[in-house]
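Asker: Sequence plus predicted model, see below.
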Amino acid sequence: MKDKKQNSKFYLVGGGIASLASAVFLIRDGKARGENITILEAGKEIGGSLDAGKSSSRKGYVTRGHRILEAKTYACTFELLASIPSLATPRKNIKQEILEFNRKHKTHNKARLIAHGKKLQAASFGLSWKDRFALLRILLLRESSLETLCIQDYFSPEFFQTNFWFEFCTVFAFQPWDSLVEFRRYTLRAFHALPFFENLDCILVAPYHQHDSIILPIIKFLQKEGVNFQKNCKVNALDFTKINNKKSATSITCTQKGKTKKISVSKNDFVFVTLGSMVANSSIGSMHSSPPSPAKSKSVDWKFWEKLAKQSRDFGKPQVFDNNKSKSSWESFTLTLRDSRFFDLMEKLTNNKRGSGGGSTLKDSNWLLSIALPHQPHFLHQPKNVDVAWGYALYPSRKGNFIKKKMSECSGAEILQELCCHLGFQKDLAKILKSAICIPCMLPYITSQFTPHKKNNRAKIIPRGYSNLACIGQFCEIPKEIVFTIEYSIRSAQIGVNSLLNLKREIPPIYEGYRYPKAIYNAVKTVLR
């Protein structure tokens, strides 16, 4: 960073991984001083969708979602993590910690699909020749020819009953009405991983929940550098002034502790904004109650993006993504268990020891339930006599197979009952319920970034004609990159920092496994089996 920018101030709107990564890159690559960086977060905690909620073994742990990691395709993520000391072993960085952990605890799923309480043979994708051809053909098509199309517009109805679809959609959280462009991007990026869909061998896991293993160490690093964290600070608007034919952000209007204030932004200062939110309006239930209905009013995250979009078309069209919650929602649940019975039964059913499976999908579930048993302890300071598991369902608006209610209307106890009946644990159900706490969470916007859209519906990272502003997170446009990953958010942060500060540091290229002959051979062989 040039000398005249040494005293620049940096305002980061949103406290998720995109802003945290931006702050690290500003300090590491831009040589910014930590005390000149301010993160403005509307909520009570920092961490965004990587579950910054408070948890306890007494009331039940809560994790809204889970993000997968993969070594080859998460280049920006692991470059960032290599800069952050581990909390457990300060002499090591988080990248080293995660890679070493996975060398000792490898993922190899032996029960990727389950039905009627028995694990299924999932080696074959079960694709017809028509669907095989369609799957391979889509990789050759241009994105521009697929814009606004849904996955179900392209594939046959039979495609959505194949093992391929059940494995693909429950790892990446796709639904038939989601974007065909995003499906194509995922297929291209996961090309090398197609042979591992059955066993999830290519997936990496963090030693603890990602909030504890990744977010907390980054926060500690930034605090040590003097970064300012402003919580409960809702950013309402940005003001701009035209200077030398370019628009420059001049002030930030925000509300904190019931008072509205304006933060002045000078011509040498910079603003990074996280657009939208995947976890906006999420609601938490309990063992005895379902999650409250999501608020009808839009959250401050979406309102802020809408105001920006009205100022310039270069900020995209938020209404494309936030106007159909019935198609962008799913429901997750967290199990806190003081008895090892459920874990023991799962290990017997799947033949996977806890932490080694990566997750199983109940193929015959109306809700399309998936359940994962992570390594224990899953949270820092988790008691030794407590186990924690996490699951989710793609279709919470459907009635259950055993509990004849919509999942969204079910309490944690009813969700756990439905799960146990699918797994064949009825004889042990009473004892499992007695020692368990199941906390459900409804997420109305969680897959909104998969909504069919045009390329310009998402904002550019550096909007055209703006001198000191970057848009980061899940709702900016990064060609070829896959959304709904921490890699997308971190890459957007790195692009934003490098572009605004004119840095020469090279950004890791997007991994393109489909360009390697060996990956092509293995993928085609897998699709044809």
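Answerer: Done, it's in.
Asker: For the stretch 201-350 of the chain, which segments are assigned as helices?
Answerer: Under the criterion DSSP state H, counting those that start in this stretch, the stretch 201-350 of the chain contains helices at 210, 216-224, 300-311, 319-322, 325-328, 341-350.
Asker: Let me know how buried the closest residue to residue 183 other than its chain neighbours is, in neighbour terms.
Answerer: Setting aside the residues directly before and after it, residue 183 is nearest to residue 151 in space (C-beta to C-beta, 6 or more residues apart in numbering), at 5.0 Å. C-beta: built from backbone N, CA, C; applies to glycine. Each residue near residue 151 was counted by other C-beta atoms under 10 Å, and the total is 25.
Asker: Over to residue 27?
Answerer: Going by other C-beta under 10 Å, the residues that sit close to residue 27 add up to 22.
Asker: I'd guessed it sits against residue 37; true?
Answerer: Yes. At 7.3 Å, residue 27 and residue 37 qualify as touching, with contact defined as C-beta atoms under 8 Å.
Asker: what sits against residue 343?
Answerer: Counting by C-beta atoms under 8 Å, 6 or more residues apart in numbering, residue 343 makes contact with 337, 354, 373, 387, 389.
Asker: give me every residue that touches the third one.
Answerer: The reference is to residue 373. With contacts defined as C-beta under 8 Å, 6+ apart, residue 373 is in contact with 343, 346-347, 352, 354-355, 357, 387, 389.
Asker: Counting by contacts, list what the longest helix seen in the chain packs against.
Answerer: In the chain, ranked by residue count with DSSP state H as the criterion, the top helix is helix 486-500. The helices and strands touching helix 486-500, judged by 3 or more C-beta pairs under 8 Å, 6 or more residues apart in numbering; DSSP states H and E, are helix 17-28, helix 75-81, strand 270-274, strand 469-472.
Asker: Could you check the angle the first one makes with helix 486-500?
Answerer: Between helix 17-28 and helix 486-500, the angle formed by their directions is 40 degrees, by axes from the mean of the first three to the mean of the last three C-alpha atoms, to 10 degrees.
Asker: Can I get helix 17-28 in CSV? Just the C-alpha atoms.
Answerer: The C-alpha trace of helix 17-28 is given here as CSV (Å, rounded to 0.1, in the frame of the first residue of the first chain):
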residue,chain,number,x,y,z
ILE,A,17,-16.1,-14.5,7.1
ALA,A,18,-15.9,-12.1,4.1
SER,A,19,-15.3,-9.1,6.4
LEU,A,20,-13.0,-11.0,8.7
ALA,A,21,-10.9,-12.2,5.7
SER,A,22,-10.8,-8.7,4.3
ALA,A,23,-9.4,-7.4,7.6
VAL,A,24,-6.7,-10.1,7.6
PHE,A,25,-5.7,-9.3,3.9
LEU,A,26,-5.7,-5.6,4.7
ILE,A,27,-3.2,-6.1,7.5
ARG,A,28,-1.2,-8.9,5.9
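Asker: immediately after that helix, which helix or strand?
Answerer: The first helix or strand that comes after helix 17-28 along the chain, using DSSP states H and E, is strand 37-40.
Asker: Does anything pack onto the following helix or strand past that next one? Which helices or strands?
Answerer: Toward the C-terminal end, the helix or strand that comes next after strand 37-40 (DSSP H and E) is strand 69-70. Contacting strand 69-70 under the criterion 3+ C-beta pairs under 8 Å, 6+ apart are the following elements: strand 203-204.
Asker: Centre of the chain to the strand it packs on, how far?
Answerer: Averaging C-alpha positions (C-alpha atoms, centre = their mean, to the nearest Å) puts strand 203-204 14 Å from its chain's average.
Asker: Pairing partners for it, with directions?
Answerer: Sheet pairing here is set by DSSP bridges, and for strand 203-204 it gives strand 69-70 (antiparallel).
Asker: just to revisit the earlier point, show me which residues of the longest helix of the chain are buried.
Answerer: Using 16 or more other C-beta atoms under 10 Å as the burial criterion, the residues of helix 486-500 that qualify are 486-498, 500.
Asker: Now do that helix and strand 270-274, the angle between them.
Answerer: When the same axes, to 10 degrees is applied, the directions of helix 486-500 and strand 270-274 differ by 160 degrees.
Asker: Report the mean confidence score over helix 486-500.
Answerer: Per-residue pLDDT values across helix 486-500 average out to 97.
Asker: gap between it and the chain center?
Answerer: 16 Å.
Asker: got a list of contacts for that helix?
Answerer: Residues external to helix 486-500 that are found in contact with it (C-beta under 8 Å, 6+ apart): 16-19, 21-22, 25-26, 29-30, 50, 67, 69, 73-77, 80, 210, 214, 270, 272, 461-462, 468-474, 476, 478, 481-482, 503, 505, 507, 510.
Asker: from the buried residues of helix 486-500, which is closest to residue 189?
Answerer: Checking the buried residues of helix 486-500 against residue 189 with C-beta to C-beta, the nearest one is residue 487 at 9.4 Å.
Asker: Which single one of the contacts of residue 343 is nearest to residue 361?
Answerer: Sorting the contacts of residue 343 by how near they are to residue 361, with C-beta to C-beta, puts residue 373 at the top with 13.5 Å.
Asker: Of the buried residues of helix 486-500, just say which sits nearest to residue 302.
Answerer: Using C-beta to C-beta, residue 489 is the member of the buried residues of helix 486-500 that sits closest to residue 302, with 17.0 Å.
Asker: Now for residue 456: which residues touch it?
Answerer: With contact set as C-beta under 8 Å, 6+ apart, residue 456 has these partners: 313, 316-317, 477.
Asker: Just the buried residues out of these, in ChimeraX syntax.
Answerer: A single ChimeraX command is used to select the members of the contacts of residue 456 judged buried by 16+ other C-beta under 10 Å:
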select :316,317,477
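Asker: buried residues in stretch 289-301?
Answerer: For stretch 289-301, the neighbour count (16+ other C-beta under 10 Å) marks 290-291, 294, 298-301 as buried.
Asker: Mark out where each domain of the protein begins and ends.
Answerer: Here the chain is described, according to automatic domain parsing, as comprising the domains 3-96+209-323+451-500, 329-443.
Asker: tell me, which of those domains is the model least confident about?
Answerer: For the domains of the chain, the weakest mean pLDDT is recorded on domain 3-96+209-323+451-500, namely a mean of 93.
Asker: Distance from it to the middle of the chain?
Answerer: Averaging C-alpha positions (C-alpha atoms, centre = their mean) puts domain 3-96+209-323+451-500 13 Å from its chain's average.
Asker: Please apply the same query to stretch 315-326.
Answerer: If you compare the mean C-alpha spot of stretch 315-326 with that of the full chain, they lie 18 Å apart, counting by C-alpha atoms, centre = their mean.
Asker: Other residues contacting that stretch?
Answerer: By C-beta under 8 Å, 6+ apart, the residues outside stretch 315-326 that reach it are 275-276, 294, 298, 302, 305-306, 308-309, 328, 397, 444-445, 448-449, 451, 453-454, 456-459, 463, 471, 475, 477.
Asker: Swap in 6 Å and give it another go.
Answerer: Outside of stretch 315-326, the residues that reach it under the criterion C-beta atoms under 6 Å, 6 or more residues apart in numbering are 302, 305-306, 308-309, 444, 448, 451, 453, 457-459.
Asker: With neighbour count and distance to residue 62 as added columns, please give the residues you listed in TSV.
Answerer: As requested, those are exported to TSV (neighbours: other C-beta atoms under 10 Å; distance: C-beta to C-beta, whole Å):
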residue	neighbour count	distance to residue 62
302	23	23
305	27	26
306	17	29
308	22	31
309	18	32
444	24	17
448	27	21
451	21	26
453	20	31
457	19	32
458	24	30
459	27	31
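Asker: of those, closest to residue 165?
Answerer: Checking the contacts of stretch 315-326 against residue 165 by C-beta to C-beta gives residue 451 as the nearest, at 19.2 Å.
Asker: Look up how far residue 483 lies from the nearest residue to that closest one once chain neighbours are set aside.
Answerer: Residue nearest to residue 451 in three dimensions, not counting chain neighbours: residue 321, with 5.0 Å by C-beta to C-beta, 6+ apart. In this structure, residue 321 and residue 483 are 10 Å apart, going by C-beta to C-beta, to the nearest Å.
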